[in-house]
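Asker: Give me the fold of what follows.
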Amino acid sequence: MRSCDNLRRLAALTVLALACAASLHAQSFDLDRDRESLVSLDGPWRFHPGDSPAAPAASPTATPGFLWAQPDFDDSAWPLLISDHSWSTQGYKGMSGYGWYRFQVHIPPGSQPATLMLAPILTSFQVYVDGKLVGKSGQFPPTLIPNTRINHEVYSLTETASGAARTVQVAVRVWHSPIWAGYMGGGPYSGGNLAGAQSSVALEKSHEQLARNSRFVDYYAYSVAAGLVGLAILCLFFIRHAEREYLWFALMLLSQAADSALNVSKELYAFPATPIFDLFDGMLAALNIFAAFCFFAKVLNARARLLGRVLLVFVILSPIANVLYWPGWTSPGTGATIQLILLLPAAFWIFWLLGKRALAGNLDARLLLLPTLFDLGFYVADNVAIALGQFGITKNPRILDTSIPIPPFTMRPGILLHLIFLLAMCVFLILRFTRARRQEVKLAGEFEAARQVQQVLLPDQLDQCPGFLVDCVYRPAEQVGGDFFQQIGDGQGGMLVVLGDVSGKGLPAAMLVSVLVGAIRAEAAHGTDPMNMLRSLNDRMMGRSHGGFTTCLAAHIAAGGLLTVANAGHLPPYLNGIEIPVPGALPLGIVAHPEYEVTAVQLAPGDRLTFVSDGVVEAQAKYNPRPGELFGFDLTRALSVFPAHRIADAASGFGQTDDITVVTVEFSGPAVSSTVSHGTSG
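Answerer: Okay, here's the model as predicted:
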């Protein structure tokens, strides 16, 4: 029974719901009653050149106003101008100074407080509603170099709502700077003038701002992309600072990124002021051309001749021309044209260099020719078109700057070509970096082979002679060096020690070291006399120095401890911390048949001889408290009584700048009284 009752109740509710639904009507929309209170003001406005006379004061204490701003002024005799075109295109070409626009807005009864939105107007203006100033844009009183805000601006038409219909008179007082009048028309130059309810106008203003932002999204995107890539390339230069092409390319990208960001800031936020913008824009354009010039000269191996230096001077001076209108010497258009003329020779030189190298078969030039021609060529052509337009030669100076639709945005051709050029340059630098790395790996292998050969040439434990304890430390400034040292037994219990220094560092010095070591061993087979050794080495080095020199010191220690030393420009040795007064002579290979003076010293058991290369005394401090200070002879002499590794550690820790060689010889033979003698042989 309960189930039947529930079914009857459900059926009754269903019938009731259907009856209610049948009584409802579909929602209707009224295009007249429900429309937004908004009207376009684009169309004919009354216009009059010049400034308004003062309006008669209503009372002696009333604030004076402008006659042409009054609501009861009769403007029927004024001509009509279309409000979305500048006055220069409608019969007032080149006009600067003041001009007035007037129009009326009819407000229906029951409307909310109304506002007015005006499209951008060049260069400064004031807005009057029924004779009352309601707002302004730009500087008033006007300045010669104004800062124009290129945005839609909103002003109040009515303060409160009203039940009756009203008509308000709007007057716009415009001042156009004389410096712009030659190539930029005064007054409104685009559509988008509106009047209506506050909320509706505010919404439309936000739409206009979003639309304007989207028109510069390509500039914004490129400034971010070029800035990040430029910083990455700059970091690569800091890692590989010898390869300056990375520096120039980074400066190219960073200047372009900064210029794009500067344009976005100026167009959207009117910052910086126009004069400052023109200065920075000119400086960034000059930096871009300067860096491009240096980049292509570097990668294509073009020498910096007099012509190139003159062209770079023109580029450096070019930003000054862009602001010659500051003191009133030129118009902005003329100044910009002068800067372009100063930049063009450097740009054409880049084209000429690329074409010349490409025709000669240079693969790098062929890779870079078309991207550079399109990118830099478009920049030149666009600026030439602007300059021609400023002088009235062409009617559409920005014809090359027409945006290309790339949904969902548009992109200017110049930005698109910048991106193509950026891609080509990145590919080029990657290829160049790869080639450089391959060359470095090859050179590293050659250096390692040379280092191993040089290590083989150095004496080892097998060369030790009984009665002498020899310790040698060799630390080249690079992978291979120019210092050499040999110890050779004389077969009679004595030992020959020869050490020296080839001027220069690296692989060339190491090759000469190999020649010298071979010559030392060959001459040692015929005798161990120090004087004859130096003579023989001098003969070998004649004609091989190629403008350099080689110092050398030869010393023979007999089994009984008699030391004989001959010197060819090398540092004298130290005996127990005291420098042995060994006369010097010219280094090897300077003159034929030199004279060498021989010094003899008798060693006692336990005496220590210390030989060093000039890399020890010439070590240079790199840090405070005394940067640049030399290790010096006094400190070297004081340390000469210590083991070789301690002397070498002290010099290299102080600041190694050259190859360091330290050799210590401790004599352990029979005690003999010390004598010193000198002899000369020619």
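
Asker: Please make it C-alpha for all contacts and neighbour counts, starting now.
Answerer: OK.

Asker: Leaving aside the residues adjacent along the chain, what's closest to the residue most central in space within the chain?
Answerer: Geometric centre of the chain, nearest residue: Leu251, 2.8 Å, by CA atoms, centre = their mean. Distances taken as CA to CA, 6 or more residues apart in numbering put Ala291 closest to Leu251, at 6.1 Å, once the chain neighbours are dropped.

Asker: and what of Thr372?
Answerer: Phe421 is the one closest to Thr372 (CA to CA, 6+ apart), at 6.5 Å.

Asker: List the buried residues for stretch 412-429?
Answerer: Buried residues in stretch 412-429, counting neighbours by 16 or more other CA atoms under 10 Å, are found at 412-422, 424-425, 429.

Asker: Among these, name the ones in strands.
Answerer: Of the positions in the buried residues of stretch 412-429, not one sits in strands, assigned by DSSP state E.

Asker: out of the residues you listed, who's nearest Ala336?
Answerer: Nearest to Ala336 out of the buried residues of stretch 412-429 is Gly414 (CA to CA; 18.6 Å).

Asker: Where does Pro508 sit, in terms of helix or strand?
Answerer: Here Pro508 is covered by helix 506-524, with elements defined by DSSP states H and E.

Asker: pLDDT on that helix, on average?
Answerer: What helix 506-524 shows for mean pLDDT is 83.

Asker: How about stretch 645-661?
Answerer: Model confidence over stretch 645-661, given as mean pLDDT, is 90.

Asker: Show me what counts as buried in that stretch.
Answerer: Neighbour counts over stretch 645-661 (16+ other CA under 10 Å) mark 645, 647-648, 650-652, 654-661 as buried.

Asker: Check stretch 581-598 too.
Answerer: For stretch 581-598, by 16+ other CA under 10 Å, it's 582-590, 594-598.

Asker: Just the buried residues of stretch 645-661: which are in strands?
Answerer: Short answer: these in strands (DSSP E) are Ile660, Thr661.

Asker: re the thing from before, same for the helix holding Pro508, what does it pack against?
Answerer: Using 3 or more CA pairs under 8 Å, 6 or more residues apart in numbering; DSSP states H and E, the elements in contact with helix 506-524 are helix 413-457, strand 483-489, strand 495-502, helix 530-541.

Asker: thinking again about what came up before, same list (the buried residues of stretch 412-429) but as a markdown table, adding pLDDT.
Answerer: Formatted as a markdown table, those follow (pLDDT from 0 to 100):
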| residue | pLDDT |
| --- | --- |
| Arg412 | 91 |
| Pro413 | 92 |
| Gly414 | 91 |
| Ile415 | 92 |
| Leu416 | 92 |
| Leu417 | 93 |
| His418 | 93 |
| Leu419 | 93 |
| Ile420 | 93 |
| Phe421 | 93 |
| Leu422 | 92 |
| Ala424 | 91 |
| Met425 | 90 |
| Leu429 | 88 |
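
Asker: can you give me the helices for the stretch 251-400 of the chain?
Answerer: All helices of the stretch 251-400 of the chain, identified by DSSP state H, counting those that start in this stretch, fall at 274-299, 306-321, 332-359, 363-390.

Asker: Kindly reformat the ones you listed as CSV containing mean neighbour count, mean pLDDT and distance to Ser124.
Answerer: Listed next are the helices of the stretch 251-400 of the chain as CSV, based on neighbours: other CA atoms under 10 Å; pLDDT from 0 to 100; distance: least, CA to CA, whole Å:
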stretch, mean neighbour count, mean pLDDT, distance to Ser124
helix 274-299, 20, 92, 13
helix 306-321, 18, 94, 25
helix 332-359, 20, 92, 18
helix 363-390, 19, 87, 21
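
Asker: Can you tell me which of these is nearest to Phe633?
Answerer: Nearest of the helices of the stretch 251-400 of the chain to Phe633, taken as CA to CA: helix 274-299 at 43.5 Å.

Asker: Give me the distance from that closest one to the chain's centre.
Answerer: Chain-centre distance of helix 274-299: 11 Å, with CA atoms, centre = their mean, to the nearest Å.

Asker: what's the distance between Asp382 and Thr330?
Answerer: For Asp382, the distance to Thr330 equals 21 Å [CA to CA, to the nearest Å].

Asker: swap that for Asn567, please
Answerer: As defined by CA to CA, Asn567 lies at a distance of 75 Å from Thr330.

Asker: Ok, Leu373 next?
Answerer: For Leu373 relative to Thr330 (CA to CA), the value is 31 Å.

Asker: Helices along the stretch 51-200 of the chain, start to end?
Answerer: 178-181, 198-215.

Asker: winner for burial among the ones you listed?
Answerer: When the helices of the stretch 51-200 of the chain are scored by mean count of other CA atoms under 10 Å, the highest mean neighbour count falls to helix 178-181 (a mean of 20).

Asker: mean confidence score for that helix?
Answerer: Helix 178-181 shows a mean pLDDT of 80.

Asker: How far off centre is it?
Answerer: Chain-centre distance of helix 178-181: 35 Å, with CA atoms, centre = their mean.

Asker: start at 10 instead
Answerer: Fine by me, first position is 10 from now on; the one you just mentioned is helix 187-190.

Asker: Return that helix as PDB; C-alpha atoms alone will do.
Answerer: Extracted in PDB, the C-alpha atoms of helix 187-190 (Å, rounded to 0.1, in the frame of the first residue of the first chain):
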ATOM      1  CA  PRO A 187      58.100  72.800 -34.100                       C
ATOM      2  CA  ILE A 188      60.800  70.200 -34.000                       C
ATOM      3  CA  TRP A 189      58.300  67.400 -35.000                       C
ATOM      4  CA  ALA A 190      56.200  69.400 -37.500                       C
END
